[in-house]
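Trainee: Here is a sequence together with a model predicted from it:
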Amino acid sequence: MLFFPHRRTGEDTHRGTPRRYRTAALVAAALALSFLQAANGNASVGPSTAAGAPASPKAAADVVRVAEFLAECPYTHRAPDDPIVFPGLPGASHMHSFFGNDSTNGNSDLASLEKARTSCAPDTDLSSYWVPTLYDGDKEVEPTGTTFYYLGEGVRDDVIQRIRPFPRGLRIVAGNAKATGPDDNTISRWSCLHHGEVDPSHDFVNCPAGAMLESYLDFPQCWNGRDLDSADHKSHMAYPVGGDCPSTHPVPVPKLRQVLRYPVNGDPARLRLASGRGYTMHGDFFNVWPEAEMAQRVRDCINAIVKCGADGTP
């Protein structure tokens, strides 16, 4: 009996409207405003996020600050040829294993190499790379891992930013095919893949069972700015000194690092190169990169100090 009188005494009017009606209207208005704000907020999130998304598919945090691009160039063929050291003389050299350009022979020149095919990824790299063939006893052994890195390392960052593309047709020989000992002006290095407990050496090393024998060879990265080759095939190039190129060879170019992985292990006494002991390892490079492709990679990967893959992007 007291319930209804209490509700009635609780009623008040405001311009003739009972309080309970005004309260319900305020609640409804608040709910409507809340839904409207949520809708507007959700609508604004989409364009804002899209506008703020990075232009590159790879976030800046994912970019590795290493000046590098590469080419994977599997083995193509063997021949006793060397178009740099013995041009126009097929059969005049010890046996070489060739990678990349599939036409390389004793008569190869820039024009012939430009017309050929390649095993490289990217397939725009028509360059030719070759090394003395490795023998296990009397059996030829070809590498199953063949990576050619183009690097900015070995010089200061300000020098990296000045690195220029290799000129088309540049020819370089690295290492010493005539070395008589491990310290005889050789820069070759042998090691075991994934076995850091085996110390690297200029000569062959004894790799554990199941491991692979690795060969590392760094090419000089300072050019004299004039010659595509020289009488000894080395004098037009030089290695950096104190983080910069010497005044005699003032033009920094990418450091070519040749990394080969051979499916052999165990006692290295049975191993030899066509040129002799392991410390005679050497490499030849004949540059046939298209100028635009090389220039883009040097600009976007090396000068920018960004690690790129075979496609020339991070």
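Mentor: Looks like it arrived, so ask away. Keep in mind that what you see is a predicted model, and the values were worked out from it rather than measured.

Trainee: What segments of the chain are helices?
Mentor: In the chain, the segments counted as helices under DSSP state H are 3-9, 19-52, 110-114, 157-160, 291-297.

Trainee: Pull the contacting residues for S275.
Mentor: Residues near S275 by CB atoms under 8 Å, 6 or more residues apart in numbering: 94, 132, 177-178, 281-282. C-beta coordinates here come from the backbone N, C-alpha and C atoms, glycine included.

Trainee: Likewise for N265?
Mentor: 192, 206-213.

Trainee: are any of those buried, and which?
Mentor: 192, 207, 211-213 (16 or more other CB atoms under 10 Å).

Trainee: how distant is stretch 88-108 from the center of its chain?
Mentor: 26 Å (CA atoms, centre = their mean, to the nearest Å).

Trainee: shift numbering so it begins at 8
Mentor: Got it, the first residue is 8 from now on, which makes the last one we talked about stretch 95-115.

Trainee: low-scoring stretches of this protein, by residue?
Mentor: Applying pLDDT under 70 to the chain flags residues 8-68.

Trainee: do that again at 90, thanks
Mentor: 8-70, 190-194 (pLDDT under 90).

Trainee: how about the most centrally placed residue in it, what does it touch?
Mentor: Centroid-nearest residue in the chain, with CA atoms, centre = their mean: F76, separated by 2.9 Å. F76 sits next to 156-157, 304, 308-309, 315-317, 319 when contact means CB under 8 Å, 6+ apart.

Trainee: which of the residues you listed sit farthest apart?
Mentor: I309 and A317 (14.6 Å; CB to CB).

Trainee: Tell me which of these two has more neighbours.
Mentor: More crowded of I309 and A317, by other CB atoms under 10 Å: I309, with 27 against 19.

Trainee: The more buried one and H103: what is the separation?
Mentor: The gap separating I309 from H103 is 28 Å, by CB to CB, to the nearest Å.
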